[in-house]
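Asker: Provide a 3D model corresponding to the input given below.
(chains A and B)
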Amino acid sequence: MLMTTDTLRQVGDLSIDADGPGTRLASQWLAKLAADFEVPFAELDRLDICLNEVLANIIRHGTHAVAKPLVHIVFQVERDAGGSLATVTVSDAGPAFDITTAGIHCRPASLTEAEPGGLGLLMIRSFSDELRYHHSDGNNHLSFAVRWNRSDE
Amino acid sequence: MAIQFEDVTDSFRRIKISGRLDMPGTEAISLKFTNLAASAARRVVVDLTEVSFLASIGIREFITNAKALQLRGGRMILFVGDNASVAKTLQVTGIDALIPMFADLAQADQAALA
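Answerer: Residues are numbered from 1 along each chain as shown, chains lettered A, B, ... in the order given. Okay, here's the model as predicted:
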């Protein structure tokens, strides 16, 4: 579905099961749209990383409370004279969780101290240029975006 | 997702992983990777040059197995070549400070055998 406003163009949406195959399907869908709308590879990679970590977080923490965990994903591209912005919004009905304010584990000083988990939030915050969250109608809505200049295309 | 290995010597093994280390990709190689990487006191170089995508679940495998290897007296080294995407992810997460990472294979081998 395409809608055009003065500054924003919605380029696609997808619903997936919150599981491993669903994450792969979401990445493939994102890659196809990014190619169609000339998102540079480096920016696609950042979006893909964030998308996978958001979905992994939903699968790990948010799928126990709902009978049929579904995730809805919207991809948007906005362009103006200054540059471009690609935004992915992920919505799910799991327990409310605001990634933008959640604490991040301190980096361990050694391999001995390192714990395998806790990297997803760090990756989402590190690879996105914008991060927004709100909870409404019983759903989490997390948007992450990447920016690039026209010269990078 | 593919995983291959080469025993350079009895105590030095190179493991090459190819494809996407996302959730399904990591699950597909996890058991074999553990068996290859952490089952003995070895020096292991993990070749990530053909990993097209690295998620935190993949990084988790490196940490878990590197720790297990260390406990057995072994050592894990990551070889990334010119895979800028994977190198960036390892740097952003600080993993390169925990498990040595090299772009040059000779340096990776040297670090593993040191």
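
Asker: Geometric centre of chain B: which residue is closest?
Answerer: B:V46 (3.2 Å; Cα atoms, centre = their mean).

Asker: in what helix or strand does that one lie?
Answerer: According to DSSP states H and E, B:V46 maps onto strand B:43-54.

Asker: Show me the shaky parts of the chain.
Answerer: Using chain A here. Chain A contains residues with pLDDT under 70 at A:1-8, A:10, A:62-68, A:151-153.

Asker: Show me what from it comes close to chain B.
Answerer: Neighbours of chain B within chain A, by Cβ under 8 Å from any Cβ of the partner chain: A:20-21, A:23-24, A:27, A:45, A:48-49, A:52-53, A:55-56, A:59, A:107-108, A:110-112, A:114-117, A:119-120, A:122-123, A:126-127. Every residue, glycine included, has its C-beta placed from N, CA and C.

Asker: Repeat the analysis, applying 7 Å as the threshold.
Answerer: A:20-21, A:23-24, A:27, A:45, A:48-49, A:52-53, A:56, A:107-108, A:110-111, A:114, A:116-117, A:119-120, A:122-123, A:126 (Cβ under 7 Å from any Cβ of the partner chain).

Asker: quick one: which of the residues you listed sit in helices?
Answerer: Judged by DSSP state H, the subset of these located in helices is A:20-21, A:23-24, A:27, A:45, A:48-49, A:52-53, A:56, A:119-120, A:122-123, A:126.

Asker: Type out the PyMOL command that picks the buried ones from these.
Answerer: Restricted to buried positions by 16 or more other Cβ atoms under 10 Å in any protein chain shown, the PyMOL selection for those reads:
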select buried, chain A and resi 20+23+24+27+45+48+49+52+53+56+119+120+122+123+126
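
Asker: Show me what the strand holding B:V46 packs onto, helices and strands only.
Answerer: Judged by 3 or more Cβ pairs under 7 Å, 6 or more residues apart in numbering or on different chains; DSSP states H and E, the packing partners of strand B:43-54 are strand B:12-21, strand B:75-79, helix B:84-92, helix B:105-113.

Asker: could I get these as CSV with distance to A:E78, mean neighbour count and mean pLDDT?
Answerer: Output for the helices and strands packed on strand B:43-54, formatted as CSV (distance: least, Cβ to Cβ, whole Å; neighbours: other Cβ atoms under 10 Å in any protein chain shown; pLDDT from 0 to 100):
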stretch, distance to A:E78, mean neighbour count, mean pLDDT
strand B:12-21, 28, 20, 97
strand B:75-79, 37, 23, 97
helix B:84-92, 24, 19, 97
helix B:105-113, 42, 16, 96
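
Asker: How about A:L111: what's its closest non-neighbour residue?
Answerer: Nearest residue to A:L111 in three dimensions, chain neighbours excluded: B:L98, at 4.5 Å (Cβ to Cβ, 6 or more residues apart in numbering or on different chains).

Asker: Report the contact partners of that neighbour.
Answerer: B:L98 sits next to A:108, A:110-111, A:114 when contact means Cβ atoms under 7 Å, 6 or more residues apart in numbering or on different chains.

Asker: Highest neighbour count among the residues you listed?
Answerer: Counting neighbours by other Cβ atoms under 10 Å in any protein chain shown, A:A114 leads the contacts of B:L98 with 22 neighbours.

Asker: need the contact list for that one.
Answerer: A:108, B:63, B:67, B:98.
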